[in-house]
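Asks: A predicted structure for the sequence below; I have some questions about it.
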There are 2 protein chains.
Amino acid sequence: MHEKKYPLVSQNRDSRFVTLRFLQTPQGRSRSGLYLIEGIRHVARAAEQHAGVESVFVDPCLLSNPFGQKLARQLQKSGVPGIRLAPHLYRELTLASEPQGIGAVVRQKWTPLTNLQPTKHSLWLAVESIASAGNLGTIIRTAEAAGVSGIFILDSESDPYDPAAVRASMGSLFSQKLIRCSIRELTIWAKNLAVAIVSSSPAGLLDYKALRCRWPVVLVVGNERQGISDSLVEVSDFTVRIPMRGRGDSINVAVAAGVLLFEMASQCPR
Amino acid sequence: MHEKKYPLVSQNRDSRFVTLRFLQTPQGRSRSGLYLIEGIRHVARAAEQHAGVESVFVDPCLLSNPFGQKLARQLQKSGVPGIRLAPHLYRELTLASEPQGIGAVVRQKWTPLTNLQPTKHSLWLAVESIASAGNLGTIIRTAEAAGVSGIFILDSESDPYDPAAVRASMGSLFSQKLIRCSIRELTIWAKNLAVAIVSSSPAGLLDYKALRCRWPVVLVVGNERQGISDSLVEVSDFTVRIPMRGRGDSINVAVAAGVLLFEMASQCPR
């Protein structure tokens, strides 16, 4: 039997393409609560983890991988709406140097702070004003691998759903709890529920290796240049530093988050 | 007294500009043994560490920072040749979103493997086929901060002098010993001088936290997708893994290098 194909969009003024383009902008994402993903691995993982795939877009010329083709057919069969894009339009929607021909519109998922119950030995992460979306995505990927229970985003600018963040997160975004809140809200939550706050700073009082975690615990990392703000230092139970042993005076924020999270995770009595 | 200014280049066919453009390509860098850096921090650090600054290029319109202006004057006074570039030409030479108006041509520095003597408790790093120049640069920055004595580049493609690697290395490139050699050459060096080889792999036999280093030691990290090659696994004294605790199945290679290097450095009896 003839399978009905997704409708073809080849004009850049077509409202369906304009909507997709809009999701590449911060305004588009914040107004719609949606974001874009691209690539077989990302779309497959989003579908598998019920991440809220709203629609798909494919470029049949690029979609040569059999697993990718099967994925597109399955999504269509399960009733996910979609469009086929002309190659020049598809390319505008991806940062990939070798686009894979399948992408999706996914619903953002924010967990409200209220009723967020930390388990006894849970490890949490909070990030403040991470400037590079790529760094933010790498941090989310690292946090997921270290077994973090959720990530607090402590400012209104940094956007885990920015295309560069989504790309660097390698699909770990779909299963991670994300909470947007203020420093004050985080502090009240942590104090009420006896969650220790550990901040990372080059001026931290404690070598991170000397820290013996009190659980549950939230690690805070800050901006690439300024580090964490004074108000965060003030509410922290501990500030830790990673000692610099060579002539280099700093490390990348995602690397620092990795060093600290894996150290803390290894101390976890779970 | 009137200070003589660097000559102005405003045509993109000018041979001096063409030479700079050529250094943005792998061929240009490998044939000349030179590379480009951009930004006040990078140029200042290169000059300070006698990294081999051959010439400078400035865009006086962009160079508004007083420290940057002073740096340019000092370099000129100390006899470093240079040119002034028209803004549209300068922009072609930088990856920075906010270029700072000063850049330099620097001589590559490769340390030959012969006569490379490891000290008793030295930590070394070897990288195999890192595909992303940004990752390679971040790894170099991390290695420098962890106090690594030198970095072996085990393939002929990955280029620490690629503009994206230089940028991510944040100036740590200038003080780091870089050695290009084959796996066989590294192995002979390590065995002759009793340097332990520790490889990182998701299939590593040992949790990295269980490793007790034998010193001196070289840590090997591999390609973002394939990891380290079988021939490296074969010559390794240990293969270690970073346990994945969440649903994520991998971490970024620069983050992995950071987690392992800082763990090893903290065990160092120095």
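Replies: Cool, the structure landed. Numbering: from 1, shown residues only, chains lettered A, B, ... in the order given.
Asks: Mind checking what secondary structure the residue in the stretch 151-270 of chain A positioned nearest to chain B has?
Replies: Taking CB to the nearest CB as the measure, the point where the stretch 151-270 of chain A comes nearest chain B is A:Arg245, at 3.0 Å. Any C-beta I mention is one placed from the backbone N, CA and C, and that applies to glycine too. For A:Arg245, the secondary-structure state derived from DSSP: H, G, I helix; E, B strand; the rest coil is coil.
Asks: what's the neighbour count on it?
Replies: Number of residues near A:Arg245 (other CB atoms under 10 Å in any protein chain shown) recorded here: 18.
Asks: wait, doesn't it sit right on B:Ala146?
Replies: Yes - A:Arg245 lies in contact with B:Ala146 (CB atoms under 8 Å); the separation is 5.7 Å.
Asks: joint contacts of the two?
Replies: Taking CB atoms under 8 Å, 6 or more residues apart in numbering or on different chains as the contact criterion, the common neighbours of A:Arg245 and B:Ala146 are B:Ala265.
Asks: Please parse chain A into its domains.
Replies: Per automatic domain parsing, the domain ranges recorded for chain A read A:8-107, A:123-267.
Asks: Most tightly packed of those?
Replies: Sort the domains of chain A by mean neighbour count, taking mean count of other CB atoms under 10 Å in any protein chain shown, and domain A:123-267 sits at the top with a mean of 20.
Asks: can you give me the end-to-end distance of that one?
Replies: The first and final residues of domain A:123-267 sit 11 Å from each other (CA to CA, to the nearest Å).
Asks: From the chain's centroid, how far away is it?
Replies: With CA atoms, centre = their mean, to the nearest Å as the basis, domain A:123-267 stands 13 Å off its chain's centre.
Asks: cool, and stretch A:92-107?
Replies: Averaged C-alpha coordinates place stretch A:92-107 at 16 Å from its chain's average position (CA atoms, centre = their mean).
Asks: cool, stretch A:41-48 as well?
Replies: Centroid separation for stretch A:41-48 versus its chain: 14 Å, with CA atoms, centre = their mean.
Asks: near chain B, anything from that stretch?
Replies: No - judged by CB under 8 Å from any CB of the partner chain, stretch A:41-48 and chain B are separated, with a smallest distance of 9.5 Å.
Asks: What is the helix or strand encompassing A:Ile139 packed up against?
Replies: Take DSSP states H and E as the rule and A:Ile139 turns out to sit in helix A:133-145. Secondary-structure packing of helix A:133-145 (3 or more CB pairs under 8 Å, 6 or more residues apart in numbering or on different chains; DSSP states H and E): strand A:123-127, strand A:151-153, helix A:163-169, helix A:253-267.
Asks: Need the contact partners of that helix.
Replies: Contacts of helix A:133-145 with the rest of the structure, by CB under 8 Å, 6+ apart, involve A:125, A:127, A:130, A:151, A:158-160, A:162-170, A:172-173, A:175-176, A:221, A:224, A:252-254, A:257-258, A:261, B:242, B:244-252, B:255.
Asks: Likewise for stretch A:156-164?
Replies: A:24, A:26, A:29, A:35-36, A:38, A:95, A:108, A:127, A:129-134, A:136-137, A:140, A:151, A:153, A:165-166, A:169, A:173, A:178, A:180.
Asks: again, but for stretch A:171-183
Replies: Residues external to stretch A:171-183 that are found in contact with it (CB under 8 Å, 6+ apart): A:41-42, A:45-46, A:49, A:51, A:106, A:109-113, A:116, A:128, A:137, A:140-141, A:143-145, A:148-154, A:156, A:160-161, A:165-166, A:189, A:229, A:231-232, A:235, B:246-248.
Asks: Near chain B, which residues of the stretch 51-200 of chain A are found?
Replies: Residues of the stretch 51-200 of chain A lying near chain B (CB under 8 Å from any CB): A:138, A:141-148, A:168, A:170, A:172, A:175.
Asks: And the furthest pair within the residues you listed?
Replies: Of all pairs drawn from those, the greatest distance, 19.0 Å, lies between A:Gly147 and A:Ala168 (CB to CB).
Asks: Skip the chain neighbours and tell me the closest residue to the closest residue to chain B within the stretch 1-150 of chain A.
Replies: For the stretch 1-150 of chain A, the nearest residue to chain B under the criterion CB to the nearest CB is A:Gly147, separated by 3.0 Å. In space, and not counting its chain neighbours, A:Gly147 is closest to B:Arg245: 3.0 Å by CB to CB, 6 or more residues apart in numbering or on different chains.
Asks: swap in A:Asp237?
Replies: Computed as CB to CB, 6+ apart, the closest residue to A:Asp237 that is not its neighbour in sequence is A:Ala196, at 4.7 Å.
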